[in-house]
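[1] Quick one: sequence plus predicted model below, questions after.
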Amino acid sequence: MESSILTEVFLPLALGVIMLGMGLSLRREDFLRIFKTPKAIFVGLFAQLVILPFIGFTLMYFWDLQPAFAVGIILLSACPGGPTSNLFAYLGRCDTALSISLTAVCSIITIFTIPFLVNYAMELHMGEGQYVALPVLQTILQIMVITIIPVSIGMYLKSKKPRFAQKAERPVKIASTIFIVAIILGAVFKNKQIIVDAFLETGLPALSLNLLTLLLGFIVASLFQLNFKQASTIAIESGIQNGTLAIAIAASSTLLNDPTIAIPPAVYSILMFFTGGLAVAIAGKVNKKEEPMA
């Protein structure tokens, strides 16, 4: 996939707008909830930060993909959650507050974990001397610029200008969704032949990562005796990776600068709307039955 103004300028901008929208829906209490409902939060973090990368590395150990595609799958597994998972959790009548809290906390932690996981994946699959290592400090700073700073601005606006934040939240979410879909479709169209060819090679691994993390996220939450609402939330948070962030890291000329690594996340970003839609339909049906009658 070619690096262009779409991936260099508009993709990080779109991601920043999305994260701003998420910040408009966050409050300080969402972070304090970690101490009020610690089990659900920590089970969710374990599923996203430990199980998800483990599945990514394990799949690529047994799957014979070309090195750049293998790194792309692992990069994807290192970018859990995101605003899309919050939307799916909301549509599935899941525990939206838990979903937002997990996304917020993971957004902070993965700033530090992504560079190390991706560098290890590149060394493992591409071999020493055959890749340009992801610069740790620069990566941390750039991820902060396109994630934490917009979220912080959104939270500040919600705190100081609650009426403005309430009015702006929905339009920002709609605009950012349209923006990111248009960018991904534009990038796919521009590289349609490459994407079509790569789909045959990366489609099944990307789908496997998606389905396994959805399933294992739910199983782990159930083993810890969380209720269905919480378990379905953790399944969606684990199974809906932040493909937008993965593409931005892979295609950026100041980070990995390898558009080939961005192909699996691009393929995944298309597939997840189908699997995510199915997960939302199942979760929504069960959660609706379990909701108390008005």
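    Sure thing, it's come through. Numbering: from 1, shown residues only.
[2] these two touch, right, Ala14 and Thr244?
    Yes - using CB atoms under 8 Å, Ala14 is in contact with Thr244, at 7.2 Å. The way it works is simple: take the backbone N, C-alpha and C, and place the C-beta from them, glycine included.
[3] which SS state does the residue nearest to Lys158 when sequence neighbours are not counted fall under?
    Nearest residue to Lys158 in three dimensions, chain neighbours excluded: Ala165, at 4.0 Å (CB to CB, 6 or more residues apart in numbering). Recorded secondary structure, Ala165: helix (DSSP: H, G, I helix; E, B strand; the rest coil).
[4] For the strand or helix carrying Ser208, which helices and strands make contact with it?
    Assigned by DSSP states H and E, Ser208 belongs to helix 192-223. Using 3 or more CB pairs under 8 Å, 6 or more residues apart in numbering; DSSP states H and E, the elements in contact with helix 192-223 are helix 38-46, helix 52-62, helix 67-77, helix 228-239, helix 263-290.
[5] any idea how far that helix is from the chain center?
    13 Å (CA atoms, centre = their mean, to the nearest Å).
[6] Any regions of the stretch 151-294 of the chain where pLDDT drops low?
    Residues of the stretch 151-294 of the chain that meet the criterion pLDDT under 70 lie in 173, 176-177, 179-195, 253-254, 290-294.
[7] where's Asp64 relative to Thr202, distance?
    According to CB to CB, to the nearest Å, Asp64 and Thr202 sit 12 Å apart.
[8] do Ala175 as well
    Applying CB to CB to Ala175 and Thr202 gives a distance of 30 Å.
[9] who has more neighbours, these two?
    More neighbours surround Thr202 than the other of Ala175 and Thr202, with 25 against 15 (other CB atoms under 10 Å).
[10] In the helix holding Ser208, which residues are buried?
    Residues of helix 192-223 classed as buried by neighbour count (16 or more other CB atoms under 10 Å): 194-195, 198-199, 201-203, 205-207, 209-210, 212-214, 216-218, 220-222.
[11] try stretch 55-62
    Buried, per 16+ other CB under 10 Å, within stretch 55-62: Ile55, Gly56, Phe57, Leu59, Met60.
[12] and what of stretch 243-254?
    Buried residues in stretch 243-254 (16+ other CB under 10 Å): Gly243, Thr244, Leu245, Ala246, Ile247, Ala248, Ile249, Ala250, Ala251, Ser252.
[13] Likewise for stretch 252-261?
    Quick answer for stretch 252-261 (16+ other CB under 10 Å): Ser252, Leu255, Leu256, Asp258, Pro259, Thr260, Ile261.
[14] Equivalent analysis for stretch 40-55, please.
    Here stretch 40-55 shows 40-41, 43-49, 51-53, 55 as buried, counting by 16+ other CB under 10 Å.
[15] In PDB, please show the C-alpha coordinates belonging to it.
    In PDB, the C-alpha atoms belonging to stretch 40-55 read as follows (Å, rounded to 0.1, in the frame of the first residue of the first chain):
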ATOM      1  CA  ALA A  40     -13.800  -6.300  35.400                       C
ATOM      2  CA  ILE A  41     -11.200  -3.700  34.500                       C
ATOM      3  CA  PHE A  42      -8.200  -5.900  35.200                       C
ATOM      4  CA  VAL A  43      -9.700  -8.900  33.400                       C
ATOM      5  CA  GLY A  44     -10.200  -6.600  30.400                       C
ATOM      6  CA  LEU A  45      -6.700  -5.300  30.600                       C
ATOM      7  CA  PHE A  46      -5.300  -8.800  30.800                       C
ATOM      8  CA  ALA A  47      -7.300  -9.900  27.800                       C
ATOM      9  CA  GLN A  48      -6.200  -6.900  25.700                       C
ATOM     10  CA  LEU A  49      -2.600  -6.400  26.800                       C
ATOM     11  CA  VAL A  50      -1.500 -10.000  27.300                       C
ATOM     12  CA  ILE A  51      -3.800 -12.500  25.600                       C
ATOM     13  CA  LEU A  52      -4.200 -10.400  22.400                       C
ATOM     14  CA  PRO A  53      -0.500 -10.000  21.600                       C
ATOM     15  CA  PHE A  54       0.100 -13.600  22.600                       C
ATOM     16  CA  ILE A  55      -2.500 -14.700  20.000                       C
END
